Each structure stands twice: as structure tokens, then as C-alpha cells.
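Colleague: kindly generate the corresponding structure for this input.
(chains A and B)
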There are 2 protein chains.
Amino acid sequence: MTNHLYPVILAGGSGTRFWPLSRHLYPKQLLRIIGDETLIQQTVRRVLSCASPDRVFISTNPGQADSIRVQLGEWKSDLKDNYVIEPIGRNTAPAIALVAAELLRRDPEAMMLVLPADHVVTGEKAFQAAVTLGMQLAEKGHLVTFGIKPTRPETGYGYIQPNRRTTLAKKGRLTGHPVARFVEKPNRTKAAQYLKGGNYFWNSGMFLWKAATIRDEINRHQPQLAKAVQKVHTLMTSGADPRQIEAAYKKVPSVSIDNGVMELSSHAAMIPVGFGWSDVGNWSSLEEVAPRDKAGNVVSGRVVDMDSSNSVLYADRRVVATIGLTDMVVVDTPDATLICPKSRSQDVKQMVEILKQQGAPEHLEHVTVFRPWGSYTVLEEGPGYKVKRVTVNPGGRLSLQLHHKRSEHWVVITGTARVTRGDDVLHLQIGQSTAIPVETPHRLENPGTETLHIIEVQNGPYLGEDDIVRFQDDYGRLGRAR
Amino acid sequence: MTNHLYPVILAGGSGTRFWPLSRHLYPKQLLRIIGDETLIQQTVRRVLSCASPDRVFISTNPGQADSIRVQLGEWKSDLKDNYVIEPIGRNTAPAIALVAAELLRRDPEAMMLVLPADHVVTGEKAFQAAVTLGMQLAEKGHLVTFGIKPTRPETGYGYIQPNRRTTLAKKGRLTGHPVARFVEKPNRTKAAQYLKGGNYFWNSGMFLWKAATIRDEINRHQPQLAKAVQKVHTLMTSGADPRQIEAAYKKVPSVSIDNGVMELSSHAAMIPVGFGWSDVGNWSSLEEVAPRDKAGNVVSGRVVDMDSSNSVLYADRRVVATIGLTDMVVVDTPDATLICPKSRSQDVKQMVEILKQQGAPEHLEHVTVFRPWGSYTVLEEGPGYKVKRVTVNPGGRLSLQLHHKRSEHWVVITGTARVTRGDDVLHLQIGQSTAIPVETPHRLENPGTETLHIIEVQNGPYLGEDDIVRFQDDYGRLGRAR
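Modeller: The predicted structure follows:
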């Protein structure tokens, strides 16, 4: 392995198609969809066979960064300085350009292995072999793509046709070829032809190139974008005000790396790969990668079923009772349930749009929200009150804060709490409680080694998360509402 | 109308077929299935056109009596002494025999209009007309049944064939005939013949007879049952110990009035009725009585639908998102969701049996449980803690009690609370709280005119409802766990 390979994980995706398990602020990469780890955890673990963890870069946005940091806590110190945070989403080309700029600042020889955070890959050795061959091509100045052999006439993916008369590199049975052409999402007839013909491959959205190559190609094909991103990068490295950075980033055009660079470049190459791959693009595609029971069902959580078959049945702690379902999707979460035939899975996106238009909070986030210090779960909200379970990790502490509009009561249910309340400092054990009046500066800490859980009862005429004044915060959130 | 008509509402049914909206301890008659009132409220209101409220009798069991009393609060003083509570369920014949004995004690001329609490009837005038004609027949010593003209080859009901060559009574277009025979639930072929032939009627489970007539017929056809029930009634009226009454009731054979009396009697008569009727026996039958939208769906609660048709979609406060469902049943409650095709609605009963075998509490009761003083809702349970919202009606108060294993914290969220805690009496307003240590006698009261809501956080190694010692109770529950 080279000393210059940097895996770059694109973790900025939104969460519409796996709703209600995913939410706008809690997208697919954060979900435990298959196996014991979330998709982004699996993605990081996958690349550790190619590079050490301190070489892994995460490209994301402010809304997801906290949750991702929590999930990647295992590599906390390695990843510490490797988060590249876009103030707002601007599609893949700017995200990649920004990481390339940062990598080139640190290592002019840097090579980037770009991977979406929310895909499933099976077959670690085949993956490593493809990366190894890809590095040979990237070294020669190619923009390397990884092509997946189609197994169905899929109309939701882009396709790549390689020029197989030319072999750019070869290792074992694995070969690399120049790209003859990229094809955008085809219609059904075309997709069937591609499947039959055998010389079209799915564009997996994974890339490998030298940072300098992609910088040059972006400069060539998207000069305006390149200039705008360069300006943002300069602001970031000079410690500019976040609002100034955001204003600059707003000027960056929103372009995908496929349309904006790959399709225009004469350096694109493709390796037909041997590993298993799925972008798990919707609930129906889950059955490609998740284990199925004898009746063909993908089942998770507290499902009690009679006679269902070939269905995706996802529950959590609530009981989901299903009888005689065929080819259906049922997904249950604490505040929302989805039921549709598998054939309508792609319409979940539209459902989320409807919820958004209705102002339904269920499109945006879960009842459980992750924070750098832990998480909270809203148990109930009603007129003038809100009840939360608050979880604080060992050593974690919330900001020193006050609220103008609400009082709070805290009852410890597990662990021990250190509470600052005005000028007092209290230590609370299980079953002990305290009240925080309106306008009183307060802070909750977990000084112990066990996780702290408290029940918080809020009272007041306004209970929004933005009624908060922060005086001190361990996580740099002064002036932010969350 | 006679001075001797007593409507008798049978409200002892269990709640399996409308799960998860109904529960074992919260059966169908307590549900707001159609319209603004629950089925038992509608049933009481229906009979008020035939008799004054102090004539209405309710036959039920201890598990449901509290909830029924709360729902029938509008007629609280009228119904006060009219609850006939069977210690355990023993099918319809003993329940009817027990009420007949009590009515005969109060009024030897009593006439009983027996109605299940959980049926839907439409057409008040047609109902009154049928009762009026039925009273003529009952006066002559007939056991009157009400036959419903079949609209489909239903295999789930019993059928009645009248002897139409003999007319026992007539009023307008309404006639009464002797019963030629009763037929138990037929198979599909038979049911289709009955539908086509036109001389078979559904047995609606409603009856009208003189209390003395049914007593004599039960004596004749079920002498053992009659004797056992008479013994129970004597114990009840002599103020015997509840345990002694229960022991005696356990000896009563479990027999239905149809099999045990009606089918054997030579006095059975039938009136083919003109009112609309449904026993709403399962979720699928709901569409016979509930309003449907343009696509044929019965929709309730927070359902967000795209393109579904002919489905029953029941939600509450959570979001239920449905896409492209056809002929499906979806029922969502705070702790359980059911999804099945309409054609499998009758299998819900079996699902409940499975849950019961698994020891799942969701078969038994709702997260909201009604009590004489109000209700409580379990918001969350976890190891060592439980969070409830407790609702106390104006003027209501819980028993003076203590717990051996748990401490409690109360935070007022609406209304005002009067709290007895050991020797102290506290008055708490919104946002105020108190802690009740283990082993401390305490009591919660609502002295105000507004409903009181508190959040209760319980801590302790054991949090069962049966960890309670009652010192004083307004509702006669000393020694009971609930």
C-alpha cells in the first residue's frame, strides 16, 4: 500500500428514501440497516484495510457532524482533524474539491479513495484488490471508477460503458479500461438492453484518483466552481468567521462530480469489480443485502408475524403485528410508521415531501436526538409541558445555560449527576431530583463512569430548543441553538 | 311504553377481535369506533327512547366496571345501583339469569330488553318500532329475537328461520313470527343458500322477554345453571364476602343463552327488523358502518395517505404513512400496530392469542389505564424506572397509599394538586413538584375545577402496580391491587 492513500467518506446525504428510519437530520449512513454497525461505521472499517484511521477523511455538514462523531467515537483521536464540514450541501463536486484542496495542503502526493458513507459492500478481499489496481491507474493520472455488473434492468442508476479493447492495467482476473461513455439513468428498454449486452456497468459512485489530478480536472471543466471552493478553503484554513465561510460557500455552484467532471474528462477509467455492492437506495433494495427468513422476509425488532412472505418488516420496541402480508414494506419507529407495497418504495421520497409541506416534525428528526455529550428522547409533549429522557455519556457535560421561558425538573434514573444551579453545585444519585427555575444558569454533568439517565420535565409557555442562552460549552456551540 | 321495561346492556365482552384498539381489559364497547361516542355510550343513548335512564341495567365484570362507570358518567346517579357485576365471565345465560333474578326482586312485572353493548344500530325509529312490537309478543310470554336481513353469505353469525305462515303480532309493515329453527354458524354454501332463499335472518343477539318468562325457561332447560345463579344472587343481596360470591359463581356452568335456552324453547319468536345493524365483529366489518372517503377508505387519526383504496386506516397521534394500499387494515395505537389484509381480519383473534402466549402486555391493556379518579398513561418503562402521566378528574382523589419498593416524584403540568405526604399537606401549582420516599403514606387529590395532570417518575427495583398498600379509598378498593 502507498503512503499517500486517503479514504474520503462522503457523508452529507439526506435521509428521504429510508424514512421513517432515516430523517432529514438523521440520514441512512447513521442507520444500523444490516449487521451490528451503522453504514458509516462499516464504511470506515472497510477502508482500514487500505489505510490507517488517521488517513480517513469525513466530508459532511453541520447538521450531521455531531451524530457522525458519536458513531465514529472508536477512532475519535485519529479522525479528530479529518472532518471537512461544508456549511451547506452543494452536491458532490464541491465536496470533493474541498477535500482535495485540504489534502493537497497536507500532502501534495495525496491519493483519494472516495466512498459514499451509505453503501453496502460485501467481499473485503475483492474490494482491496480493486483498490490496489485502481491505485496503479490513479498513479498514471486516471480518474478511476468502479463498475458493478448489473443483475437487473435498473433504471435508477447511471451506467458506464468501458472500452474493453484497451486494457490500462491488469492484476489477476481484474482489469482496468478507459471509459467509452457514461450513460445517465436509462429507461426500462435501454436498461434491459444494457443488462443483456453485458458491456454496461452500474456506476457505483466510488472513485479513486490523485488529489492533484482531480483538482486539475475540476479546474479545467468547472473553473468557476474550482475558484469558489478555493476561496472557501482559504477562509477555512485562515480561521475565518463561520458566517463568512457560509456566505462564500453559498456562491459555489451545485454540481455532481459525474455530470461536472467525469463525463467531460478524457482520463476516466473503469475497473469491473468482483465485490458485492448495493446502494440500498430504498426499503425494497434492503432484501438484496439483509438476511431473509424462510418465507423471504427481512425482519427486525419486535415483529409478531403470521403468514407473511417476501416482505420487509422493521420494528423497534413497539409491537408490530402483521398477518398475511405479501411483498410489503412495514417500518415502525417511535413516532411514525410507514406501510407500502415494495413496488412503491421509491415513493417514500414523495411521502417525506408531503410531510415536510404539512410542517410535520417527523420528516426532520427522530424523537431521539444525538448531541456531543449524549442524547435526548422526547417522551411526550403537550400544551405547556415536555417530558424528555436525557442521556449523558461518562465525562460528558451539557453547556452552562439558562432558559427564559421554561423551568425544568430533573430526576436521576441511572448513574450520578453533578448539577450546577445558580451558585450551588449538587450531586444527585438515583431517585434524587432538583428543580431549575426560569432564568437560572444551570449545567448537567456526568462525573461518573456509568452512563447517566435523567427524566426532565419542562414547564413553560414556550418549549422550543432555541430558548437557550449558553455561557460555556465544551463543544464550541456558543451562539448556536442546538 | 310500559312502566316495566328495563333495558339490560351486556357489557362483559372481551377485546380480541378489535385489537390493538381493544384490549382484554378494554374491549370494543369502550371504543369510539364510529361517531363521537363509544359503543356503550351509543347503546345507552339508544335505549333512552324506550325507558328512563334509572331503568337501564349494566351487566359487566370487575375488570371493566371502572371504565364503564367513567364512560357512563353522564347517567351516574341514575345507574348507580344498576350494575350487576359477575365476578368472572360465564357466557350469556348466567349473566342474563343473574340480571333477571335482580329485576324480579325489584319488579315482578319486569320486562327485559337485552342488548349487547358493542353493536352498531342505525335508524332510531325503526328500532323503537321493533321494540314496541316485541313488547306485545313478550307480554304474551314469547322470547323475542330480532332478525336482520342478510346482505352477504356471512359464515360468522347464527341464522334464524321464522315460520312466516303464522303471524303472532303485526304493526304497520312490521310482523312477528314463531321461530321455525335456529341455525348455528353455517358453511359458505349454506350461507349462500340462506341469502338467496330469503327466509333466513341473522341472529342479532338482541332479545326481549319478561323476566319471569326467561327465568322459567332457564329453570326448565338449564335447571343446574338456574339453581347455581339463584344461589349467587342470594349471596349478593345478603351482602356476602366477595370471595364467597366468586367461589359460588365459579360453579355456574358457562352456557350461551342461544344454545342453552333459545334453541330449546317452544316460545321463541322473531321480528324481521328494518333498522341497520352491525356487530362490528372485526376490523373489516367497520366499513359497513363508518363513513368512507372517495377511494373507499375508512380513515381516522393522523394518517397521511397516497393512493390507497378500500382500506381501514386507523391512527391516533403518531404519523401513519400509507402508500398504495388496497383492501388493507392498518391500526396504530401508542404501543402496538396491526397490519393485515381485510380478508384476514378474523385472524386478529389468533394474533392476540399469540401475544398472550408470549406474555406480551400489549394483549392485556393499553398504555392508558382508566381508574375511578381519572387515568394514567405509561410514557416509558426501563430498568429501575417508570414515567407516567397521571390525570385526576376535578374532585377526584387517589387512595391514601404507600409503596414498599418505589419512590415517586410528581411534577404538576396542568391544574392544581393537593398532596398528602406523611404528616404534611402540600398544595402544588403548575411547575411545582414533590418527592414521595419509599414507605411514606401519600395521596394525590385534585381540589380544583380543572383537570389535574402530573408527570410521575418512579424509581425502584420493583415497579408493579401491585406494590400498593391502601389505607383509605373513595372507591371501595381496599385490598385490591388496582
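Colleague: can you give me the helices for the stretch 1-150 of chain A?
Modeller: A:39-47, A:62-71, A:76-79, A:92-106, A:124-139 (DSSP state H, counting those that start in this stretch).
Colleague: check whether the host helix or strand of A:Thr391 contacts chain B.
Modeller: Assigned by DSSP states H and E, A:Thr391 belongs to strand A:385-392. Yes - using Cβ under 8 Å from any Cβ of the partner chain, strand A:385-392 reaches chain B at A:Tyr385, A:Val387, A:Arg389. For glycine as for every other residue, the C-beta is placed from the backbone atoms N, C-alpha and C.
Colleague: so A:Gln224 touches A:Pro253, yeah?
Modeller: Yes - with contact defined as Cβ atoms under 8 Å, A:Gln224 and A:Pro253 form a contacting pair (6.4 Å).
Colleague: and the two? Which one has more around it.
Modeller: For A:Gln224 versus A:Pro253, the count of surrounding residues by other Cβ atoms under 10 Å in any protein chain shown is larger for A:Pro253: 14 against 11.
Colleague: so the more buried one, which of the three states?
Modeller: At A:Pro253 the chain is in coil, as set by DSSP: H, G, I helix; E, B strand; the rest coil.
Colleague: relative to A:Lys185, how far out is it?
Modeller: From A:Pro253 across to A:Lys185, the span is 22 Å (Cβ to Cβ, to the nearest Å).
Colleague: then A:Ala97?
Modeller: A:Ala97 is 24 Å from A:Lys185, where distance means Cβ to Cβ.
Colleague: the two: who's more crowded?
Modeller: Neighbours per residue (other Cβ under 10 Å) separate A:Ala97 from A:Lys185, with A:Ala97 holding more: 29 against 13.
Colleague: picking up where we left off before, least confident of the helices of the stretch 1-150 of chain A, on average?
Modeller: Per-stretch mean pLDDT for the helices of the stretch 1-150 of chain A is lowest at helix A:62-71 (a mean of 88).
Colleague: list the buried ones in the strand holding A:Thr391?
Modeller: A:Tyr385, A:Lys386, A:Val387, A:Lys388, A:Arg389, A:Val390, A:Thr391, A:Val392 (16 or more other Cβ atoms under 10 Å in any protein chain shown).
Colleague: neighbouring contacts of that strand?
Modeller: Applying Cβ atoms under 8 Å, 6 or more residues apart in numbering or on different chains, the contact partners of strand A:385-392 are A:373-381, A:398, A:410, A:413, A:415, A:417, A:444-446, A:451-459, A:463, B:379-380, B:387, B:389, B:413-414, B:453, B:455.
Colleague: quick check on those: which are buried?
Modeller: Taking 16+ other Cβ under 10 Å as the criterion, what is buried in those is A:373-380, A:398, A:410, A:413, A:415, A:417, A:444-446, A:452-459, A:463, B:379-380, B:387, B:389, B:413-414, B:453, B:455.
Colleague: point me to the residue of the stretch 1-150 of chain A nearest chain B.
Modeller: As assessed by Cβ to the nearest Cβ, chain B sits closest to A:Pro20 within the stretch 1-150 of chain A, at 7.1 Å.
Colleague: what number of residues lie near that residue?
Modeller: A:Pro20: 25 surrounding residues under other Cβ under 10 Å.
Colleague: who does the closest residue in space to it that isn't next to it in sequence form a beta bridge with?
Modeller: The shortest distance from A:Pro20 to any non-neighbouring residue, by Cβ to Cβ, 6 or more residues apart in numbering or on different chains, is to A:Ala336 (4.0 Å). Assessed by DSSP bridges, A:Ala336 has beta-bridge partners B:Val319.
Colleague: got a list of what A:Ala336 touches?
Modeller: By Cβ under 8 Å, 6+ apart, the residues touching A:Ala336 are A:Trp19, A:Pro20, A:Glu362, B:Arg318, B:Val319, B:Val320, B:Ala321.
Colleague: hang on, the earlier thing: nearest to B:Lys80 among the residues of strand A:385-392 next to chain B?
Modeller: Using Cβ to Cβ, A:Tyr385 is the member of these that lies nearest B:Lys80, at 35.7 Å.
Colleague: how far away is the closest residue to A:Thr326 other than its chain neighbours from chain B?
Modeller: Once flanking residues are discounted, A:Thr326 sits nearest to A:Ser309: 5.5 Å by Cβ to Cβ, 6+ apart. Going from A:Ser309 to chain B by Cβ to the nearest Cβ, to the nearest Å gives 13 Å.
Colleague: ok, the residue nearest to A:Ala11 when sequence neighbours are not counted - how many residues close by?
Modeller: Distances taken as Cβ to Cβ, 6+ apart place A:Ala117 nearest to A:Ala11, at 3.8 Å, with adjacent residues excluded. A:Ala117 sits with 25 neighbouring residues when counted by other Cβ under 10 Å.
Colleague: which parts of stretch A:132-149 are buried?
Modeller: A:132-138, A:142-148.
Colleague: ok, now stretch A:40-56?
Modeller: Those would be A:Ile40, A:Gln41, A:Gln42, A:Thr43, A:Val44, A:Arg46, A:Val47, A:Cys50, A:Ala51, A:Pro53, A:Arg55, A:Val56, for stretch A:40-56 by 16+ other Cβ under 10 Å.
Colleague: kindly identify which of the residues you listed also come near chain B.
Modeller: Among these, not one lies near chain B by Cβ under 8 Å from any Cβ.
Colleague: tell me the one of those nearest A:Ile34?
Modeller: The closest of the buried residues of stretch A:40-56, once distances to A:Ile34 are taken by Cβ to Cβ, is A:Gln42, at 8.3 Å.
Colleague: what sits closest to that closest one if chain neighbours are left out?
Modeller: A:Gly35 (6.8 Å).
Colleague: sorry, back to before: farthest pair in the buried residues of stretch A:132-149?
Modeller: Checking these with Cβ to Cβ, the most distant pair is A:Gln136 and A:Ile148, at 20.2 Å.
Colleague: tell me how many other residues crowd the residue nearest to A:Gln42.
Modeller: 13.
Colleague: now the strands: where do they sit in the stretch 251-400 of chain A?
Modeller: A:268-272, A:276-278, A:298-300, A:303-306, A:312-314, A:319-323, A:328-332, A:336-341, A:368-371, A:374-382, A:385-392, A:400-402 (DSSP state E, counting those that start in this stretch).
Colleague: could those strands be laid out in a markdown table, adding mean pLDDT?
Modeller: Below are the strands of the stretch 251-400 of chain A laid out as a markdown table (pLDDT from 0 to 100):
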| stretch | mean pLDDT |
| --- | --- |
| strand A:268-272 | 98 |
| strand A:276-278 | 91 |
| strand A:298-300 | 94 |
| strand A:303-306 | 97 |
| strand A:312-314 | 96 |
| strand A:319-323 | 98 |
| strand A:328-332 | 97 |
| strand A:336-341 | 97 |
| strand A:368-371 | 87 |
| strand A:374-382 | 93 |
| strand A:385-392 | 96 |
| strand A:400-402 | 94 |
